[in-house]
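J.: got a sequence here, can you build the structure:
(chains A and B)
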Amino acid sequence: MSEKIIEIVDDIDASSVFTELSDAHSGGICVFVGTVREFTQGEEVVSLEFETYKKMALKEMDKIAVDAMEKWKLNKVIIRHAVGLKKVEAPVVVVGASSAHRDACFEACRYLIDTLKETVPIWKKEMFENKTVWVSAHP
Amino acid sequence: MDVLLFGIAKDIIGKSEFEVPTDDIPKSVQELKEYLIKKFPDFGKLSSFAVAVNSEYALDDVTLNGNDEIAIIPPVSGG
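T.: Okay, the predicted model is just below:
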């Protein structure tokens, strides 16, 4: 029986994910943690601000988890994203999966983060010293 | 008809919800997009511009009803 955790939270504790994905039928856990990087194209980022259309974002995140569980044999899946103001190095997203063998969870983990970035209505604003930019908004 | 705004869409219009005046009510997603681009040309400069109806992505030919929850989805950038 596979389980999924789908959440949008204010703050992420990246250390809880091992316990959350740990499973007696799994031989491996693969996790991706996205964090705030200090420099974007040579410019120093002071902080990032994340905003979401929560109702829709949770639906889209759930679709991604369900699709991953159909594509690979996974025991547990997690997709958790943070919102609000985040400082450099802070974790902003955690995705991961546990499976009997490692190939499934490695492939699923990349699918989870790549698809999240394409479809989930979450927006990131980069705050620099003297300007703010909505990421990806313009070509 | 109220439209929810997020990210840069909120900055373009200057608030988090926009009420389309009664005599301009669009009948479809396509008409809503055209109306917004005409009224706020900055929408036309975005790298993409999607609409969600009842919290699902909606194609241009989807019909809009008065009680739908409608949202503008500018280019997403989570992760």
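J.: C-alpha only now, for contacts and for neighbours.
T.: OK.
J.: for chain A, which residues are neighbours of chain B?
T.: A:34, A:50-53, A:55-56, A:59, A:81, A:92-93, A:113, A:116-125, A:134-139 (C-alpha under 8 Å from any C-alpha of the partner chain).
J.: what subset of those residues is buried?
T.: Buried by 16 or more other C-alpha atoms under 10 Å in any protein chain shown: A:34, A:50-53, A:56, A:81, A:92-93, A:113, A:116-117, A:119-125, A:134-137, out of the residues of chain A next to chain B.
J.: those in strands, which ones?
T.: Residues of those located in strands (DSSP state E): A:34, A:50-52, A:81, A:92-93, A:122-125, A:134.
J.: if I look at the residue most central in space within chain A, what pLDDT would I see?
T.: By C-alpha atoms, centre = their mean, chain A has its centre lying nearest to residue A:93, at 3.4 Å. Here the pLDDT value assigned to residue A:93 is 98.
J.: any idea how far the closest residue to it other than its chain neighbours lies from residue A:107?
T.: Nearest residue to residue A:93 in three dimensions, chain neighbours excluded: residue A:81, at 4.4 Å (C-alpha to C-alpha, 6 or more residues apart in numbering or on different chains). The gap separating residue A:81 from residue A:107 is 20 Å, by C-alpha to C-alpha, to the nearest Å.
J.: tell me which element residue A:97 falls in.
T.: Assigned by DSSP states H and E, residue A:97 falls within strand A:91-99.
J.: centre of the chain to that strand, how far?
T.: Computed by C-alpha atoms, centre = their mean, to the nearest Å, the chain-centroid distance of strand A:91-99 equals 6 Å.
J.: and that strand, which strands flank it?
T.: strand A:28-35 (antiparallel), strand A:76-82 (antiparallel) (DSSP bridges).
J.: can I get these in a markdown table with mean pLDDT?
T.: Output for the strands paired with strand A:91-99, formatted as a markdown table (pLDDT from 0 to 100):
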| stretch | mean pLDDT |
| --- | --- |
| strand A:28-35 | 98 |
| strand A:76-82 | 98 |
